[in-house]
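Chemist: got a structure for you, letters missing:
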């Protein structure tokens, strides 16, 4: 019998009524939530996202539920990392006024998983101050990004045009490597200073005089990229480490460039232009983003505009070894942001193609993400980050708006989260509040997969979301409550291989669902379930016995 189109629709609604209602409810929810989790799709990468705001550092799951939280006495200063041993490494902002720059910090802290302070290192004096970034080294040391002061007299001797000195000094960008000791101690075991790698063609009677375009490994002290030469003329905003090549990537926001330097040098070699694995000493091995800076390009050749979080993609991810960054769009008209993935041309690993009188490549970028329909809708003039995830998705932090979102390989939005934390006061917003009124800016967000070693043996039971009066319909779509049976125990959770169900009553059936309500497995008359072939992620287990309502519980598969 043939059915009319109307009959087919009626048949579909009757047959798939539950699914139909679910999708309507889900769409209604997307229109209701204003903070916390705004949207969630089933191909979002399973993992926990780390970010720091005000004095708190949060680790949340895809439902926005808090997995762990750490408290400090200091607001961000700015980076935070989750270490393999479960500790966090966090930069904090002191109340010092000796250096007044965006991203100012001054103190580095390490907390264990339970929130206890295990190390604190102050790098904040009248002569130097940590800012923006730190980085945990594989050997247990910590890289610290800092600024030091150069007096105007020193700057002029280094070749700065005196008319480009509106303040009493300028800042030198510095990187130190500290070996922690005790609760507050540390030994500086390596140091690099940008002031040791300058060039100028302004005054042949001063230091560093030379041909700027033939000195691509050095920074022109008189290139200001449209700035006025104020103390904070460089504004480095991220410092990342490539362990494969033993190289450091430094991002200079106000000059719209990033630089790669050799970390294999000694401190003495790092102050010269020879030595180390790559033979350049502390000179730039590579730079990219704005060839005007070394007089091998024009404004039309500029690719970067106030970029953040320039880092190498890890070896086990898509586009491994390439550079990923958030290109903010500072000073561009119209104002819009992008995410870039690019591959520096090399002659061999770690040795970058450097042709005389030609700017460093590449001329084309491997991958660009932006809002193709309305570019200005995606814009964060400061802060922000982008990260490649194990399933090929990309996590993006639109920092000025306190928003974290994830896109799949087809650039479909699969997860969206807006922080409810006021980064200035620590006040927590209520679900339904206007996010534009929260002042919830965040520096960076990093997502860690469920199989990250820091989670081994930890209690990963989700707690309440950060926001007040949260709506977790996204993650409770089975419309079932969690029931606590005194006679039933489930372990381990998280589980890697076998899930054990201990009960004083007979287990008749066990069902496993993904968080979107799809039933994956059903087991009968068993107390042990082998889940070793199940993908890592968050699931819901439903246990039936003869004592009434079934037990439902969230289950994390590692």
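Modeler: Yes, it's here. A quick note: this is a predicted structure, and the numbers were derived from the prediction, not measured.
Chemist: switch to C-alpha atoms for all contacts and neighbour counts from now on
Modeler: OK.
Chemist: what about stretch 489-496, how long is it end to end?
Modeler: 17 Å (CA to CA, to the nearest Å).
Chemist: can you list contacts of that stretch?
Modeler: Contacts to stretch 489-496, defined as CA atoms under 8 Å, 6 or more residues apart in numbering, come from residues 459-460, 499-503, 531-532, 555-558.
Chemist: what comes up buried for it?
Modeler: 492-496 (16 or more other CA atoms under 10 Å).
Chemist: turn the contacts of stretch 489-496 into a markdown table, including distance to residue 168, pLDDT and neighbour count.
Modeler: Listed next are these as a markdown table, based on distance: CA to CA, whole Å; pLDDT from 0 to 100; neighbours: other CA atoms under 10 Å:
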| residue | distance to residue 168 | pLDDT | neighbour count |
| --- | --- | --- | --- |
| 459 | 53 | 90 | 12 |
| 460 | 52 | 91 | 18 |
| 499 | 66 | 89 | 20 |
| 500 | 68 | 88 | 17 |
| 501 | 70 | 85 | 17 |
| 502 | 72 | 84 | 15 |
| 503 | 74 | 81 | 15 |
| 531 | 65 | 89 | 15 |
| 532 | 64 | 87 | 14 |
| 555 | 59 | 81 | 24 |
| 556 | 57 | 81 | 21 |
| 557 | 58 | 82 | 23 |
| 558 | 56 | 77 | 23 |
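Chemist: show me the contacts for residue 76.
Modeler: Contacts of residue 76 (CA under 8 Å, 6+ apart): 52-55, 90-93, 105.
Chemist: wait, residue 216 touches residue 284, no?
Modeler: Yes. Counting by CA atoms under 8 Å, residue 284 is a contact partner of residue 216 at 7.4 Å.
Chemist: circling back to that earlier point, please identify which pair of the contacts of stretch 489-496 lies farthest apart.
Modeler: Farthest apart among the contacts of stretch 489-496 by CA to CA are 503 and 558. That separation is 23.8 Å.
Chemist: give me the contacts around stretch 519-534.
Modeler: By CA under 8 Å, 6+ apart, stretch 519-534 touches 495-502, 506-514, 557.
Chemist: packing partners of the longest strand anywhere in the chain?
Modeler: Longest strand in the chain, counting residues (DSSP state E): strand 169-181. Strand 169-181 sits against strand 142-151, helix 152-157, strand 185-193, with contacts defined as 3 or more CA pairs under 8 Å, 6 or more residues apart in numbering; DSSP states H and E.
Chemist: now render the ones you listed as CSV, adding distance to residue 317.
Modeler: Shown next, in CSV, are the helices and strands packed on strand 169-181 (distance: least, CA to CA, whole Å):
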stretch, distance to residue 317
strand 142-151, 24
helix 152-157, 43
strand 185-193, 30
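Chemist: winner for burial among those?
Modeler: strand 142-151 (a mean of 22; mean count of other CA atoms under 10 Å).
Chemist: domain assignment for the chain?
Modeler: 33-203+214-473, 483-557 (automatic domain parsing).
Chemist: and those, which one is worst for confidence?
Modeler: Across the domains of the chain, domain 483-557 has the smallest mean pLDDT, namely a mean of 78.
Chemist: which among the contacts of stretch 489-496 gets closest to residue 352?
Modeler: Distances from residue 352 to those, taken by CA to CA, are shortest for residue 558, at 39.0 Å.
Chemist: tell me the buried residues in stretch 351-361?
Modeler: 351-354, 359-361.
Chemist: what's around residue 97, how many residues?
Modeler: A total of 11 residues lie near residue 97 under the criterion other CA atoms under 10 Å.
Chemist: quick check: it vs residue 422, distance?
Modeler: 23 Å.
Chemist: dump the residue contacts of the residue lying closest to residue 255 once chain neighbours are set aside.
Modeler: Nearest non-adjacent residue to residue 255, counting by CA to CA, 6 or more residues apart in numbering: residue 225, 5.5 Å away. By CA under 8 Å, 6+ apart, residue 225 lies in contact with 254-256, 293.
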